[in-house]
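Visitor: Provided below are the primary sequence and the corresponding predicted coordinates.
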Number of protein chains: 2
Amino acid sequence: MTKPPVGSDQRTGGTLSRRERVREATLAEIKEIARRHLVEFGVAGVSLRAIAREMGMTAPGLYRYVPGIDALLVAITADMYEELADVVAEADAGMPAEDTDGRILASLRAFRYWAITHRAEFSVMFGPRTRLDPDADITRALEAGRRFGSTFFTLFDRLVTEERFPLPADEDLPESLRRELRSFTGTIGFTSPDITEGAAMVLTTCWVRLYGVVCMEVFQHLNFVVGDMEPLFESELQNMTKDLGVRYSPPLRVAGVQGSS
Amino acid sequence: MTKPPVGSDQRTGGTLSRRERVREATLAEIKEIARRHLVEFGVAGVSLRAIAREMGMTAPGLYRYVPGIDALLVAITADMYEELADVVAEADAGMPAEDTDGRILASLRAFRYWAITHRAEFSVMFGPRTRLDPDADITRALEAGRRFGSTFFTLFDRLVTEERFPLPADEDLPESLRRELRSFTGTIGFTSPDITEGAAMVLTTCWVRLYGVVCMEVFQHLNFVVGDMEPLFESELQNMTKDLGVRYSPPLRVAGVQGSS
DNA sequence: CGCTTAAGTGAACACCGTTAGCAAACACTG
DNA sequence: CAGTGTTTGCTAACGGTGTTCACTTAAGCG
């Protein structure tokens, strides 16, 4: 009885035995249904019994594939990070490689658009860590999260090397902040020599602003006061890009932005 | 059989009959235990049966006081908004009335400090609306939220009248954004004639930044990368106050900030 | 004091996660 | 092909949850 790892086990050589293939398919079906229940009923509405019912089997059977409900949620969270990373990377790749400004705008807008069209998913990814075992294995989710961030980091790196905006001098930052920023650049695996503490500081500030405006829109904490948050987002985007020395251009009008998840 | 409203019913005249008094006390006990379970086990760990057990009664009995678990959560959420509003207002009142700069800094820091020392509460208040009936009666929570915001609005109003910072001209803002901002100032009950759309814009931007940095700290989405978020918060505070024409001054060192809820 | 009404209980229903033991299907080896 | 070990899924069961209903008890009021 081998412990069921919840991630997709990459078989050496890529050849999967018949058994492994059907196993992968079942696991994929479980996660697909879980994901669907997540968007339909919210995170509290994801249950092993309901998934099993829909699959025509019983709940204990799922334990052959997943060690428990918490691990399943962590697993689909990791999947969602990868999906988001793909979406952002695609938006980035959809612009001409030299057009750093356009790539940045496209990436950031892709992030927001994915967020507001995937509210439930965004909530479990970027909201409070409710209902997740503190000792759950979230390494895969963290890894996907890192990959998601790397798209932005790379673009930011280009801005720094192109000297688009004035960097705050490291000496101007308080020592406590500099220490945190150093650990930041270290963990991120950012090897560019141009990433000074000042640059890390700017990057973090931008991320906080983006995170704030998107969270506010998804969590609807201004919805009693602001109906359509898009103008506000674009305005924030404009502010941010101005600070980064990026040329802002308004978005192409896309039909059907109002789609509620 | 009267429907049990979950909020504290203010009796006309303030005189409560004995029956009403003990009823209020029981309701208060229910909410007190619910709150304790919330901080101890998270929002998923709040259950009517557990509360009843601790009170020495059975779960159905609680239905005399509360229409259901969701309504109970909404009720304590409203309480928490009021508590947070009090805390911020106290911090504000703790500074000399003329010292607008100090009052603002104190209020913002009080907000963050309450947030990081009340993670569970903050999560249900400002996180995604998980586990809350869409049709639940959240008017009391909204009202308390409004009162919470008003402290900041009032201080901001002073900054505007004192002309601390240059206001963006209304004409520079796109029409779609202006419309949202108008609805904002309207809903907020902000009657000051100085609150132009540009001013509302600056206020909103600041709130988004504050919300972002505090959410990020409480939800711990940078914790694999930044240990102590306080320097980052102070840095953001410095940036924000600079834009507002507020004189920044570093915080007084408080012992025991590290206290984990 | 008697009557009305509120408070609380027990049983029941329908869910949930999770464990243990068992039977059938499967894959593989001699 | 037969035999064997593994994988898969089931049933039963335990303890937990929210919620409804019928009922008894207790308190307050006229």
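Guide: Structure's in. What do you need? Numbering: from 1, shown residues only, chains lettered A, B, ... in the order given.
Visitor: low-scoring stretches of the stretch 101-250 of chain A, by residue?
Guide: A:132-136, A:189-192, A:194, A:222-225 (pLDDT under 70).
Visitor: quick one: the helices in it?
Guide: A:119-126, A:139-161, A:175-188, A:197-219, A:230-244 (DSSP state H, counting those that start in this stretch).
Visitor: for these, which one sits closest to residue B:56?
Guide: Nearest to residue B:56 among these is helix A:119-126 (36.5 Å), distances taken as CB to CB. Using the backbone N, CA and C atoms, a C-beta is placed for each residue, glycine as well.
Visitor: now check the closest one, is it near DNA strand C?
Guide: No. Figure legend: helix A:119-126 not in contact with DNA strand C (CB under 7 Å from any atom of the strand); closest approach 14.7 Å.
Visitor: is that helix anywhere near chain B?
Guide: Yes. Interface with chain B: helix A:119-126 contributes A:119, A:123, A:126 (CB under 8 Å from any CB of the partner chain).
Visitor: At the contact with DNA strand C, which residues of the stretch 151-261 of chain A appear?
Guide: Counting by CB under 7 Å from any atom of the strand, no residue of the stretch 151-261 of chain A is near DNA strand C.
Visitor: Give me the neighbour count for the residue in the stretch 151-261 of chain A that DNA strand D sits nearest to.
Guide: Nearest residue of the stretch 151-261 of chain A to DNA strand D (CB to the nearest atom of the strand) works out as residue A:220 at 22.2 Å. Residues lying near residue A:220 (other CB atoms under 10 Å in any protein chain shown) number 14.
Visitor: Quick one, grab the pLDDT at the residue nearest the centre of chain A.
Guide: Against the mean C-alpha coordinate of chain A, by CA atoms, centre = their mean, the closest residue is residue A:81 at 4.5 Å. If you check residue A:81, the pLDDT there is 94.
Visitor: if we look at the host helix or strand of it, which residues are touching it?
Guide: For residue A:81, the element it lies in under DSSP states H and E is helix A:69-93. Defining contact as CB atoms under 8 Å, 6 or more residues apart in numbering or on different chains, one finds that helix A:69-93 is touched by A:6-7, A:30-31, A:34-35, A:38, A:43, A:46-48, A:66, A:103, A:106-107, A:109-111, A:114, A:118, A:121, A:124-125, A:131-133, A:136-138, A:140-141, A:143-145, A:147-148, A:151-152, A:155.
Visitor: same question, stretch A:107-127
Guide: Residues contacting stretch A:107-127 (CB under 8 Å, 6+ apart): A:35, A:38-39, A:42-43, A:73, A:77, A:80-81, A:84, A:87-88, A:90-92, A:151-152, A:155, A:210-211, A:213-215, A:217-219, A:229, A:233, A:237, A:251, A:257, A:259, A:261, B:123, B:127-128, B:130, B:219, B:221.
Visitor: Please spell out the ChimeraX selection for the buried subset of those residues.
Guide: With 16 or more other CB atoms under 10 Å in any protein chain shown as the burial test, the buried ones among those are selected in ChimeraX as follows:
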select /A:35,38,42,43,73,77,80,81,84,87,88,91,92,151,152,155,210,211,213,214,215,217,218,219,229,233,237 /B:123,127,128,130,219,221
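Visitor: any bit of the helix holding residue A:81 sitting next to DNA strand D?
Guide: No. Figure legend: helix A:69-93 not in contact with DNA strand D (CB under 7 Å from any atom of the strand); closest approach 11.5 Å.
Visitor: roughly how far is that helix from the heart of the chain?
Guide: 6 Å (CA atoms, centre = their mean, to the nearest Å).
Visitor: And stretch A:151-166, by the same measure?
Guide: Counting by CA atoms, centre = their mean, stretch A:151-166 comes out at 20 Å from the chain centroid.
Visitor: same check, this time on stretch A:146-164
Guide: The chain centre lies 16 Å from the centre of stretch A:146-164; the measure is CA atoms, centre = their mean.
Visitor: can you check stretch A:112-126 too?
Guide: Mean-position distance between stretch A:112-126 and its chain equals 8 Å (CA atoms, centre = their mean).
Visitor: So which bits of that stretch are buried?
Guide: A:112-116, A:118-126.
Visitor: Name the member of those with the shortest distance to residue B:20.
Guide: residue A:123 (39.7 Å).
Visitor: Need the residues that contact stretch A:30-40.
Guide: Counting by CB under 8 Å, 6+ apart, A:45-47, A:50-51, A:54-55, A:62, A:65-66, A:72-73, A:75-76, A:79-80, A:118, A:120-121, A:124, A:261 sit against stretch A:30-40.
Visitor: picking that back up, out of the helices of the stretch 101-250 of chain A, flag the one nearest residue A:25.
Guide: Here helix A:139-161 is closest among the helices of the stretch 101-250 of chain A (CB to CB), at 19.6 Å.
Visitor: List the buried residues of that closest one.
Guide: So for helix A:139-161, counting by 16+ other CB under 10 Å, buried means A:140-141, A:144-153, A:155-157, A:159-160.
Visitor: Give me the contact list for it.
Guide: Helix A:139-161 has contacts (CB under 8 Å, 6+ apart) with A:7, A:74-75, A:77-79, A:81-82, A:84-85, A:88-89, A:92, A:100, A:103-104, A:107, A:165, A:167, A:188-190, A:192, A:194-195, A:199, A:203, A:206-207, A:244-246, B:224.
Visitor: ok, back up a step: now the helix holding residue A:81 and helix A:139-161, what's the angle there?
Guide: Counting by axes from the mean of the first three to the mean of the last three CA atoms, to 10 degrees, helix A:69-93 lies at 30 degrees to helix A:139-161.
Visitor: Briefly note if helix A:69-93 comes near DNA strand C.
Guide: Yes. Using CB under 7 Å from any atom of the strand, we find that helix A:69-93 touches DNA strand C at A:69, A:70.
Visitor: what's the angle between that helix and helix A:119-126?
Guide: 100 degrees.
Visitor: rewinding a little: quick one: which of the residues of helix A:119-126 next to chain B is nearest to DNA strand D?
Guide: Using CB to the nearest atom of the strand, the residues of helix A:119-126 next to chain B come closest to DNA strand D at residue A:123, 20.7 Å.
Visitor: Fine, thanks again, bye for now.
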